[in-house]
Each structure stands twice: as structure tokens, then as C-alpha cells.
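Q: sequence unknown, structure follows:
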């Protein structure tokens, strides 16, 4: 099937974006220099087209209770205007998708799903949410994100929030409010997937281009006091992945999947075993919580310039332990890699996400490793070359520690 266009395809083509197919959509991969886009987000702000994400409304007097049963979080406990990060789990505790749920009014919730999983999430919510109305909004709602430390200053001059919300600067993280952006009706939320401050703007598909254009010009000509006075840069999928990796944020299909529970991902905090009533996966997740994780998600900073990628083996031992040895069929032998993996002892895990990090200044990776090997020392087999890595706490980058 031909990939779907977002409402902003013409904008991306006008900006000279390199386009790629992603989750059934034609999306901007980059607009020019990925490094420049990365630093724009970390040092100022930049725009992302996220209209490929799935938006699903769950409404009605029983919506909160229905969502409590459907997901492992506690949506009914959210105050109006607040958001929660949660997961849709299978009965065995595996993750079907990670979600953000916004409580827009007492009986109205907006569920945001990953693009590749929208159909699965929609079907599961319709099956699980008895007593509530479940509506797919994905074809009528677009999503634009502005991310970076200057996002509030860039967005404020063209945004008016409805009471009881006051202004963007006073909006709490993981909160949202109705209002207008560039005169267009929108739901504005202080959320994002970059590790920076920022906002996500949900608006009608027909309003996406004028909202984008207004945001792109925000600050141009000195319209806001945010430094250079230049207009906003656009950023693509490639840099979005690098930013979220630095922030230690999981990606479905890499750190999350049907064979992984929230506990393995280090996200056991989202499982609300203390909420009343049953929910899908509760028994399995309670058992996993009691038993402890079978594997642990760790951060790794490479000590060389070699870049780790998804699927690369993580092995026990420092590089000095493994030079000249390989494992073929579980036996350590000398020589070079022949259909095997260079190890100091055994393969203890797999890289889930990896790449260069402009903020850290070295290649980084997240990886699942056996729980008893999580403290290291660890190395990564990068195409047959054993490369030492430093085990580090996630996230790699924390804006609260910005110098």
C-alpha cells in the first residue's frame, strides 16, 4: 500500500525534506543537517510533524472506569487537564503499546497511540472499554510538536488558553488545556518525546498548515525575546530518535514489545497495582513484580567511536578479556568471528537502540541484559569488533542538569 500523507506534506516538500516511509506514513526524515536540528532542539526550539500518531477519544460517564480496566495505569485518578503515561498490556503482561492519556473533561479522555499500533490499540479499547464510547480521531486530528528550552517563549505570543488555564509558562508538565494557536482551535499539552521542555498541539487536520506556518515564524524579526529572533527550525524523525535516546525514553519495537513487561523496561512505576478493581494483565504483572525482572534495561556509553545499533550483541567482560576470542556454538575459540559473537564469557544481552549522541559526545546505546550482568563490565560486538562500553544510569541527558 502507498504510504499515507500527513496534512503537512506540502510544507515538508517546500522545506526540502528527505522523506521516508514510517509506520505506513510518508514522513520527513531530515531537512538538512541532523546535528543542526538536534542542537536547535537542545538550545532553542524546533518543530516536529507528529500527525502520524493515533488519537482515540474515550468518552462517556463510564470512560474513566473503562480505561482503568483497559490499561495498567489509573486514568480515572487524573484531574481534569492532567495527562498520564501508561501502557496497554496483554493478559500475560506484555506491552501492546505505550500511551499518553489526557483527561480533557470529567467524562472525556484523549488517548495517543504510536502510529504503528493505532489499529491494535483501537481494537483493544473497543473490546475492553464497555460502558464508554471509543472513537478514532486519527483522520481528523493532526499533531504538531514544538520542543526545546525556548518553546514557551516561541509559542506564547500566538496562543490563548481557555480558563481555568492561565498561560503556557504556568502550565505544569503533563498537563493540557483547550485554547487557540494562531487563531485555530487546539488542545495544547506540555508533553513531548525529546527530553526537553515543549508542547504538543492537537488541532483539526485542515488547521495544521496555518498553525505550522505561524509557529515556524514565531520569533522571526524579533517578535519574541528568545535570543536570535530567527524563525523556528523544523526537525525530522532521525533527530527525534536521537533526542529520545539521549533522554532514555523507550521506543515501541525496541525497548517495548509484547515479550517485554513494564518491569523489564524499568517502568514498573506505571503499573498501578494499588488501584481498585481488576485490569487486563493484573495477575501476570503482580507475579512479575514479586519475582523481579528477568532482564534489565541499561545505558551504555561507548569508549570508542564505533556506533552500536539495534540488535548488536552485548557481552560480558571488558575488552581486554576478549581480544582474540570468539564463541561459535557456545565454545570459546581463537581467531575471528565466524557466524558467532566475540565475548569475554557469554552473550548477556542485546542492544535495543543505539547511535551517536551530540549531547554526550560519544556513541550511546540502551540494551537489555541479564539482571546479574547489569553492573558490568560490558562490551558490544560492533560487526565483529569488540568495543568496550561504560554502564551508566539512564537518562544519558537530563535538561535539569543543563549547564
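A: Looks like it came in fine. Quantities reported herein were computed from a predicted structural model and do not represent experimental measurements.
Q: helix or strand for residue 87, which one?
A: Per DSSP states H and E: residue 87 is located in strand 83-89.
Q: what residues does that strand touch?
A: Residues from elsewhere that reach strand 83-89 (CB atoms under 8 Å, 6 or more residues apart in numbering): 70-75, 78, 95-103, 121, 124-125, 174-176, 189, 191, 256, 261-262, 267, 270-271, 280-281, 284-285. Quick note: C-beta positions are derived from backbone N, CA and C, even for glycine.
Q: Next, count neighbours for residue 23.
A: Neighbourhood size, residue 23 [other CB atoms under 10 Å]: 18.
Q: Pretty sure it sits against residue 113.
A: No - between residue 23 and residue 113 there is no contact under CB atoms under 8 Å: 10.8 Å.
Q: Give the bridge partners for the residue nearest to residue 159 when sequence neighbours are not counted, please.
A: Nearest non-adjacent residue to residue 159, counting by CB to CB, 6 or more residues apart in numbering: residue 181, 5.1 Å away. For residue 181, the beta-bridge partners under DSSP bridges are residue 159, residue 184.
Q: wait, what's in contact with residue 181?
A: Taking CB under 8 Å, 6+ apart, we find residue 181 in contact with 155, 158-159, 188, 201, 203, 211, 214-215.
Q: mind redoing it with 10 Å?
A: Applying CB atoms under 10 Å, 6 or more residues apart in numbering to residue 181 gives the contacts 144, 146, 155, 158-161, 187-188, 199, 201-203, 207, 210-211, 214-215.
Q: Residue 360 should be in a helix, yeah?
A: No - when classified by DSSP: H, G, I helix; E, B strand; the rest coil, residue 360 is found to be coil rather than part of a helix.
Q: these two touch, right, it and residue 392?
A: Yes - Residue 360 lies in contact with residue 392 (CB atoms under 10 Å); the separation is 9.2 Å.
Q: Now the common contact residues for the two.
A: Residues touching both residue 360 and residue 392 (CB under 10 Å, 6+ apart) are 299, 301.
Q: Now the residue nearest to the spatial centre of the chain: closest residue in space that isn't a chain neighbour?
A: By CA atoms, centre = their mean, the chain has its centre lying nearest to residue 193, at 4.7 Å. Excluding the flanking residues, the one nearest residue 193 by CB to CB, 6+ apart is residue 244, at 5.1 Å.
Q: Neighbours of the one you found, how many?
A: By other CB under 10 Å, the residues close to residue 244 number 18.
Q: Report all helices and strands that whichever strand or helix holds it contacts.
A: Counting by DSSP H and E, the element that carries residue 244 is helix 237-246. Here helix 237-246 touches strand 18-22, strand 25-30, helix 34-43, strand 46-49, strand 141-147, strand 347-357, strand 362-370, going by 3 or more CB pairs under 10 Å, 6 or more residues apart in numbering; DSSP states H and E.
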